[in-house]
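*Asks:* Mind looking at a prediction? Sequence and model below.
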Amino acid sequence: MDCGNYVAFHKWLRIYRYRFQFQTKYSGRLTVLVRSMLLSPIFFREILSDLLRTGRPSRALYRPTDPHARVDASHAVSTIRQVRADGLASRALSKALRDCFRWRAETVTLYRDGPLDFLFTTASGCPAFGGLVRHETTIRTPVGTKPKVYYSVHT
C-alpha cells in the first residue's frame, strides 16, 4: 500500500485475480484507475522469476484490447514493394494499416489499384469494398515546407 496505490491478490480455484488500483493525474485531474486481470499461478511465477533474474520488468502481461482486422496483402505484393521503396510512403502505409482497419473479427484483402493505391474487400461484406488511397501534400514548418504523405480509407 502506497498513498492509495495498491495491488490485491485473490485466489479463486486455480486462478489468481490481480486488482491494481492507482492514482494518476490525467488531463489535470487526479483520478483513480482500477485494472483487474486473471492469471494462472504458473504464468505469474514465470514473469516474477524473470524479473528477479534479469532485473527488468516483463511486458508479457500486456495484451492490446483494440480490435484489428486481419489484413491479407498477398494480392498486392508488387504495390507494397513500390511503397516500401519510398520512406515517407512506407511509414504512411504502416500507420494506415494500424489505424484504418479497426474492425473486430474481420478479414480485409488488399488488391493492387494503381501504382501506389489499394482496393480492398472485406469478408463480411460491410463495407463490400473500398480503397486505401495515398495522398500527398506539403505542410509548413518553422523552417520551411516539407512533404507529407498519408493513406486514407474511401468506401
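*Replies:* It's in. Note that the coordinates shown come from a computational prediction; the quantities given were computed from them, not determined experimentally. Numbering: from 1, shown residues only.
*Asks:* Look at the residue sitting nearest the centre point of the chain and report its pLDDT.
*Replies:* The residue lying closest to the centre of the chain (Cα atoms, centre = their mean) is R98, at 6.0 Å. Per-residue pLDDT puts R98 at 85.
*Asks:* Give me the nearest residue to it, chain neighbours excluded.
*Replies:* Distance criterion Cβ to Cβ, 6 or more residues apart in numbering; nearest residue to R98, sequence neighbours excluded, is H68 at 7.9 Å. Every C-beta, even on glycine, is put in place using the N, C-alpha and C of the backbone.
*Asks:* any idea which element the residue nearest to the centre of the chain lies in?
*Replies:* In this structure, R98 sits in helix 87-99 according to DSSP states H and E.
*Asks:* Touching that helix from outside, list them.
*Replies:* Contact with helix 87-99 is made by 68, 71, 80, 83-84, 116, 132, 134, 147-153, as judged by Cβ atoms under 8 Å, 6 or more residues apart in numbering.
*Asks:* Distance check, E136 against S78.
*Replies:* Distance, E136 to S78, by Cβ to Cβ, to the nearest Å: 20 Å.
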